[in-house]
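Undergrad: Got a sequence here, can you build the structure:
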Amino acid sequence: MLTRGKSYEEVYSAFRWSVPKRFNMGVACCDRHLARYGGKPALLFLTEDGRLERYSFADIHRLSNRLANALVAHGAKRRDRVGILLPQSPAAAIGHIAAYKAGLIAVPLFTLFGEDALAYRLGDASAGTVITDDANLAKIMAIRDRLPALRLVIVARDAAPKSPLPAGAIDLARALDSSSERFSPIDTDADDPALIIYTSGTTGPPKGALHAHRTLLGHLTGVEFYHEFLPQPDDVFWTPADWAWIGGLLDVLLPAWFHAVPVVACRMRKFDPEFAYRLIADYQVRNLFLPPTALKLMRQVREPRARWSYQIRSIFSGGESMGEELLAWGREALGVTVNEGYGQTECNLVLGNCSAVMPVRAGSMGRPVPGHIVEIVDERGNPVPSGTPGIVGVRRPDPVMLLEYWGNPRATAEKFAGDWLLTGDVAVKDDEGYFWFRGRADDIITSAGYRIGPSEIEDCLLRHPAVAMAAAIGVPDPLRTEIVKAFIVPAPGHAPSAALAREIQDFVKTRLAAHEYPRLVEFVESLPLTATGKIMRRELRAKEIAEQAAPREPTAGSP
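TA: All right, here's what the predicted structure looks like:
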């Protein structure tokens, strides 16, 4: 656990990992709190009809024990995979804790996945059980014939279900009621597998990152660092990020519960910034994980402090770089310096900022989080000098690092160069040890001999008052190889026009460099985003390729 009152250098150099031989995430996040914090709120769940359900750590202990017994009674054996297809909810939370305590491997799944996406992941993991709800049951039943390993579907039912359960599915509430509250957790090794989180598939089919129970311990230093020495009195956590992703599950829910900090949860079908402010105020949320997209939307709400009373202590953001303007707005409107952090599904929370111990450089990825050795390396794993672009590499062994890609030894081997895990993200490190993101290896724009990362351009575009959101990609050009194209969502009150496009182009040209300004500008109503708020530039590139390949109608005067 990190401690206050020291400089970054002192905090980093003093830290030592303490990973016990035997460790179980379910026990660490629930059972060990019973004596001291059993009656303390663990989960505050806001239902869709506006009711608040409260669950103490004792409640989570009792319910997860019942579910663990139900899973074992229906044939689940140690290291079997359990798909959890649920939104933020009590059922999702106890599903994870029960799986870990029973020595099973949880496979979190996003509720907006379609049938093919679910079939691929559940099939790849050979999941024997799926825990879901009425809203998602039809998708599971539609693909059940494609999942030979699937034996059991457990359903968290609506208050008034519209139809009976199909064959092979059981009611979660009834399963809990008929199961014992007594359960002896499996004595797992810290290196035993605990969950599979699938990557977004930016470079091919999604890969299942298999993580051990120790990954929770590996995440703790990052969470404590970004939130300026968690826990503090009266801390309460919330994030709109779904618990199906590593950002919601291992950046918020499980670390908060490890520290006996309450978590607010709700089913947020679409991010509503005014609802977010109201929730933060009503439930006295003090600690937040908010992707940059959420912060940008909250920035558009007028006079939040005059409309809601809130006292935020810490905000962590990650996924896309923040610029100076958004950072300054956070200090003014939210009362804190937003600490940016960096990681990926395979190796999370390894770089970041902590304003309590170091200056926050706008747009920087920060410095290595205590406990992690991070450098800029080449493709062979050789560290490169400061100021030289290269790949962000993380040295093993590291408790936060994946065990392997599930069933994919070739991809696992390709992820490493010697002892360095290669993230695939291009960055540079300055002389003060700060890392600066330049883009994914496949997002780099090559124009007239220059290598251009999109983040800097997007940051500049967002400083223009007419720009609400922006994305930059490279499009083919016969002279320069590629030129920069910007997709822009106009801010309220600004109408797209050729004049506005030229104004924005000049704005970038004068603030960055002539070779970086967007020679093409397209105004759009929205940008394609991942569930965690990352811009999917690959979809914009695919759209450009499709449009260039499409046959065009002949115009007057054409041969």
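Undergrad: only C-alpha atoms for contact and neighbour calcs from this point on.
TA: OK.
Undergrad: ok, and what's touching stretch 513-522?
TA: Contacts with stretch 513-522, where a contact means C-alpha atoms under 8 Å, 6 or more residues apart in numbering, come from 447-448, 450, 452, 457, 472, 483-488, 501, 505-506, 508-509.
Undergrad: which regions of the stretch 201-350 of the chain sit below the pLDDT cut-off?
TA: Within the stretch 201-350 of the chain, the segments meeting pLDDT under 70 span 201-204.
Undergrad: ranges for the strands of it?
TA: Listed in chain order, the strands of the stretch 201-350 of the chain (DSSP state E, counting those that start in this stretch) span 208-212, 237-238, 263-266, 287-289, 314-318, 339-344, 347-352.
Undergrad: need the ones you listed in a markdown table with mean neighbour count, can you?
TA: Shown next, in a markdown table, are those (neighbours: other C-alpha atoms under 10 Å):
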| stretch | mean neighbour count |
| --- | --- |
| strand 208-212 | 25 |
| strand 237-238 | 25 |
| strand 263-266 | 24 |
| strand 287-289 | 24 |
| strand 314-318 | 25 |
| strand 339-344 | 24 |
| strand 347-352 | 25 |
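Undergrad: distance between the ends of stretch 241-257?
TA: End-to-end distance for stretch 241-257: 16 Å, by C-alpha to C-alpha, to the nearest Å.
Undergrad: hmm, who's touching that stretch?
TA: 29-30, 42, 84-88, 108-110, 197, 216, 219-220, 223, 237-240, 262-263, 289-291, 345, 531-532.
Undergrad: Give me the buried subset of these.
TA: Buried by 16 or more other C-alpha atoms under 10 Å: 29-30, 42, 84-88, 108-110, 197, 216, 219-220, 223, 237-240, 262-263, 289-291, 345, 532, out of these.
Undergrad: follow-up on the earlier one: what would the strands of the stretch 201-350 of the chain look like in TSV with distance to T188?
TA: TSV is the format used below for the strands of the stretch 201-350 of the chain (distance: least, C-alpha to C-alpha, whole Å):
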stretch	distance to T188
strand 208-212	10
strand 237-238	28
strand 263-266	26
strand 287-289	30
strand 314-318	31
strand 339-344	25
strand 347-352	21
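Undergrad: can you tell which of the ones you listed is closest to L176?
TA: Comparing the strands of the stretch 201-350 of the chain against L176 with C-alpha to C-alpha, the closest turns out to be strand 263-266 (21.4 Å).
Undergrad: what's in contact with the closest one?
TA: Here strand 263-266 makes contact (C-alpha under 8 Å, 6+ apart) with 42-48, 88-89, 236-239, 252-253, 256-257, 283, 285.
Undergrad: mind saving the C-alpha coords of that strand as PDB?
TA: The C-alpha trace of strand 263-266 is given here as PDB (Å, rounded to 0.1, in the frame of the first residue of the first chain):
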ATOM      1  CA  VAL A 263     -19.200   1.200  -4.900                       C
ATOM      2  CA  VAL A 264     -22.200   2.800  -6.500                       C
ATOM      3  CA  ALA A 265     -23.600   0.900  -9.500                       C
ATOM      4  CA  CYS A 266     -26.300   1.500 -12.000                       C
END
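Undergrad: Please compute how far stretch 142-159 lies from its chain's middle.
TA: Mean-position distance between stretch 142-159 and its chain equals 26 Å (C-alpha atoms, centre = their mean, to the nearest Å).
Undergrad: no, scratch that, I was asking about stretch 492-501
TA: Centre-to-centre, stretch 492-501 and its host chain are 33 Å apart (C-alpha atoms, centre = their mean).
Undergrad: if we look at that stretch, which residues are touching it?
TA: Here stretch 492-501 makes contact (C-alpha under 8 Å, 6+ apart) with 466, 468, 490, 521, 523.
Undergrad: doesn't K485 make contact with the last one?
TA: No: no contact is recorded between F523 and K485 when judged using C-alpha atoms under 8 Å, the distance being 10.8 Å.
Undergrad: out of those two, which sits in the busier spot?
TA: K485 (23 against 17; other C-alpha atoms under 10 Å).
Undergrad: my hunch is that that one is in a strand, does that hold up?
TA: Yes: with DSSP: H, G, I helix; E, B strand; the rest coil as the criterion, K485 is located in a strand.
Undergrad: And it, how close does it get to G323?
TA: 20 Å.
Undergrad: so where is the protein shaky, pLDDT-wise?
TA: Using pLDDT under 70, the chain drops low at 200-204, 441, 448-451, 531-532, 550-559.
Undergrad: next helix or strand past the longest helix along it?
TA: In the chain, taking DSSP state H as the definition, the longest helix is helix 57-73. Using DSSP states H and E, the helix or strand that follows helix 57-73 in sequence is strand 81-85.
Undergrad: Alpha carbons only: can I get that next one in CSV?
TA: Only the C-alpha atoms of strand 81-85 are listed here, as CSV (Å, rounded to 0.1, in the frame of the first residue of the first chain):
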residue,chain,number,x,y,z
ARG,A,81,-15.0,-21.0,-17.2
VAL,A,82,-18.1,-19.0,-16.2
GLY,A,83,-19.4,-16.4,-18.6
ILE,A,84,-20.9,-13.3,-16.8
LEU,A,85,-23.2,-11.5,-19.3
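Undergrad: Which strands or helices does the following helix or strand past it pack on?
TA: Counting by DSSP H and E, the next helix or strand C-terminal to strand 81-85 is helix 90-101. Secondary-structure packing of helix 90-101 (3 or more C-alpha pairs under 8 Å, 6 or more residues apart in numbering; DSSP states H and E): helix 25-29, helix 57-73, strand 81-85, strand 105-109.
Undergrad: picking up where we left off before, elements contacting the longest helix of the chain?
TA: Applying 3+ C-alpha pairs under 8 Å, 6+ apart, one finds that helix 57-73 contacts helix 34-37, strand 41-46, helix 90-101, helix 172-177.
Undergrad: Of all these, which one comes closest to A306?
TA: For A306, the closest of the helices and strands packed on helix 57-73 is strand 41-46, at 24.1 Å, according to C-alpha to C-alpha.
Undergrad: Touching the closest one from outside, list them.
TA: For strand 41-46, the external contacting residues (C-alpha under 8 Å, 6+ apart) are 52-57, 60, 89-90, 257, 260-267.
Undergrad: hmm, which of these are the buried ones?
TA: In terms of neighbour count (16+ other C-alpha under 10 Å), the buried residues within the contacts of strand 41-46 are 55-57, 60, 89-90, 257, 260-266.
Undergrad: which two from those residues end up farthest apart in space?
TA: Pairwise distances among those were taken by C-alpha to C-alpha; the largest, 19.2 Å, belongs to A260 and C266.
Undergrad: So which of the strands of the stretch 201-350 of the chain is nearest D133?
TA: Judged by C-alpha to C-alpha, the one of those that comes nearest to D133 is strand 263-266, at 14.8 Å.
Undergrad: can I assume F437 sits in a strand?
TA: Yes: looking at F437 with three-state DSSP, it is inside a strand.
Undergrad: any idea how far it lies from G222?
TA: Using C-alpha to C-alpha, F437 is found at 18 Å from G222.
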